[in-house]
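S.K.: sequence first, predicted model second:
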Amino acid sequence: MDWFYSHRYTVGVVVGVIFGIMSRLNMLRTDYRQYPTYPHGKIIHISLGVIAAGLGAVAVPALLEKNYTAVTFLSLAAQQFRDVRNMERQSLTKVDELELVPRGSAYIEGIAMVFEGRNYLVIFSAFVASLFSICFAWYWGIVAGILSIFVANMFKTGKNLESIADIEHVPIRLEGPDLFVGSIYIMNIGLEDTRQIIQKQALGYIIKPKNRNSRVTLANLGQRQAILHDISTLFGVYRDTGEPSLMPMAKLNLNTGELGLLLLPQEKDADKVKTALHRIPVLESAVRKPSEAGVNQQKGG
Amino acid sequence: MSQILAIVTLDKDQVAGGAPIFAVATKEEQQKVSFTLEKILDANAHDLKNGNIILVKHN
C-alpha cells in the first residue's frame, strides 16, 4: 500500500490513461456506415484518443502540484481537437462528391462534431479516473473510471427518428407523369421507362412529426438528406450515373408538416426499411425548439 | 439554378427559344428520343403534359 501511496501520481496517470483509452475504444464503433474507415481511420482516432487520455490524466497531478501553467496546455488540446473536426469535415466533404446519394453537409458537420466531442469525453474520463486514484485510492479511480465511461456513453447516443416522428408505409401513386407518395407530390417523371422502374422498385413512406419542434427538424434539408443517405447505405440504391430521374427524394406536405419519402432500395423489403427509418439519427444541427420560445408559450400558442 | 437543356416536342409551333428543339412525330418516338437524351445529357426528362418533354439539369 505504501508503494501505491508514494507512487500515487504515476498510478493515477496510468489509471487515467487506461480509462481514457477504454472510453475512446468504447465510443469508436465502426457500424454499417463504415466510418471511421477500417483500419487507418481507426488508427488515427485511437492515437488521438491516447493523446487526449494522456492530457486528461496528467492535468490532475499538475493541478495538485499547483503547477497551474501546466494546465493551460489543455487549451492546446482543444485547438488540436478542433483540427480533428476540420480534418474530418474536409475529408468527408471530398468523399461526398463521389457518393450516389450524398450525406449532405449537415450530416458531415454532425459527424465531425462528434469526433471532436468524443475526444473531450475521453479527457473527462481520464481526468476523473486520475483524480479519484490520486485523491483517494487506485481502486476508487477504477470505480470512477467505469462510471465515467457510462456517463460518456450517455452523451454518445443522440435521439433517433422514432422519438420525434411516426413512420408509415404508404403506396406510391403515378398520375400520368406526376409521382405522389400518399398525397404528397414528389416529382414529374417524363419517361415511361423510368415510371415503370419506379413503380417496381420504389417504396413510399410518410414521416409524421409528433410535435411542432419535430416538424421543424423534419423540414430541415440536412436531416432529409441524412435519411436518404442512411437508407441508401443500408439497403443499397437503385441508381447510377446517367439515370438522373432515379433519385430518392423527400418532400414536405406544407399544410401538415409531414415528410413524404420516395426511396429506391436495391433490397426491397418494406418492413426492414421501416425499422431502419425508426433508427435514423436526428442531426444535432437540425434540432430547433420553437415551443420553448416565449412567444409560443403565450395563451393559445 | 436549373436549366432546360433540350425540348422534345410533338408540335413544333408550340416551342421556340434558347434550348435545342427536337421535333418528333409520335409519342413513342418522343419517349425514345427523350430516353436517349436523358442518358446522354444526364438531365431529368419532365413531361409538361402538353405534348412537350423538357430535359432539365437540376443542381
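M.R.: Alright, I've got the coordinates. This one's a predicted model, so the numbers in the text were calculated from it and none came from an experiment. Numbers count the residues shown, from 1 in each chain, chains lettered A, B, ... in the order given.

S.K.: does chain B have contacts with stretch A:217-236?
M.R.: No: for a cut-off given as Cβ under 8 Å from any Cβ of the partner chain, stretch A:217-236 has no contacts with chain B; the smallest distance is 13.5 Å. Placement of C-beta: from N, CA and C, glycine included.

S.K.: got the buried residues for that stretch?
M.R.: Counting neighbours by 16 or more other Cβ atoms under 10 Å in any protein chain shown, one finds that the buried residues in stretch A:217-236 are A:217-220, A:222-235.

S.K.: now, those that are in helices?
M.R.: Of the buried residues of stretch A:217-236, the ones assigned to helices by DSSP state H are A:217-219, A:222-235.

S.K.: where in chain B is pLDDT low?
M.R.: Screening chain B residue by residue with the criterion pLDDT under 70, one finds no matching range.

S.K.: which bits of it sit near chain A?
M.R.: B:31, B:34-35, B:38-39, B:42-47, B:49, B:53-54, B:58.

S.K.: which pLDDT does the model give the closest residue to chain B within the stretch 101-250 of chain A?
M.R.: Of the stretch 101-250 of chain A, the residue with the smallest distance to chain B, taken as Cβ to the nearest Cβ, is A:Gly190 at 3.2 Å. pLDDT for A:Gly190: 93.

S.K.: A:Met27 now?
M.R.: Reading off the confidence values, A:Met27 has pLDDT 86.

S.K.: what sits against the closest residue to it other than its chain neighbours?
M.R.: When the adjacent residues along the chain are set aside, A:Met27 lies closest to A:Arg118, with 4.9 Å between them (Cβ to Cβ, 6 or more residues apart in numbering or on different chains). Contacts of A:Arg118 were listed using Cβ atoms under 8 Å, 6 or more residues apart in numbering or on different chains, and they are A:24, A:27-28, A:152, A:156.

S.K.: so which of the residues you listed sit within helices?
M.R.: Among those, the members falling in helices (DSSP H) are A:24, A:27, A:152, A:156.

S.K.: in a markdown table: the residues you listed, plus distance to B:Asp13.
M.R.: Converted to a markdown table, these look like this (distance: Cβ to Cβ, whole Å):
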| residue | distance to B:Asp13 |
| --- | --- |
| A:Arg24 | 70 |
| A:Met27 | 66 |
| A:Ala152 | 70 |
| A:Lys156 | 65 |
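
S.K.: just to revisit the earlier point, give the helix, strand or coil label for the residue nearest to A:Met27.
M.R.: Of the three states, A:Arg118 takes helix under DSSP: H, G, I helix; E, B strand; the rest coil.

S.K.: and the pLDDT for it?
M.R.: We note a pLDDT of 89 for A:Arg118 in this prediction.

S.K.: out of the residues of chain B next to chain A, which are inside helices?
M.R.: If you go by DSSP H, the residues of chain B next to chain A have B:31, B:34-35, B:38-39 in helices.

S.K.: buried ones among those residues?
M.R.: For those, a burial check counting by 16+ other Cβ under 10 Å picks out B:31, B:34-35, B:38.

S.K.: returning to what we had before: of all the residues of chain B next to chain A, which comes closest to A:Asn67?
M.R.: Minimum distance to A:Asn67 across those is 60.0 Å, recorded for B:His58 (Cβ to Cβ).

S.K.: please report how far that closest one lies from A:Glu99.
M.R.: Separation of B:His58 from A:Glu99 (Cβ to Cβ, to the nearest Å): 17 Å.

S.K.: for the helix or strand hosting A:Thr275, name the packing helices and strands.
M.R.: Following DSSP states H and E, the helix or strand that holds A:Thr275 is helix A:270-278. Counting by 3 or more Cβ pairs under 8 Å, 6 or more residues apart in numbering or on different chains; DSSP states H and E, the packing neighbours recorded for helix A:270-278 are helix A:161-164, strand A:165-170, strand A:203-209, helix A:221-235.

S.K.: in JSON lines: those, plus mean pLDDT and distance to A:Asn253.
M.R.: As requested, the helices and strands packed on helix A:270-278 are arranged in JSON lines below (pLDDT from 0 to 100; distance: least, Cβ to Cβ, whole Å):
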{"stretch": "helix A:161-164", "mean pLDDT": "92", "distance to A:Asn253": "16"}
{"stretch": "strand A:165-170", "mean pLDDT": "95", "distance to A:Asn253": "12"}
{"stretch": "strand A:203-209", "mean pLDDT": "96", "distance to A:Asn253": "8"}
{"stretch": "helix A:221-235", "mean pLDDT": "94", "distance to A:Asn253": "13"}
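
S.K.: out of the ones you listed, nearest to A:Gly54?
M.R.: Proximity to A:Gly54, assessed across the helices and strands packed on helix A:270-278 by Cβ to Cβ, is greatest for helix A:221-235 (34.1 Å).

S.K.: now for A:Asn160, how many residues are close by?
M.R.: As a burial measure, A:Asn160 scores 14 neighbours (other Cβ atoms under 10 Å in any protein chain shown).
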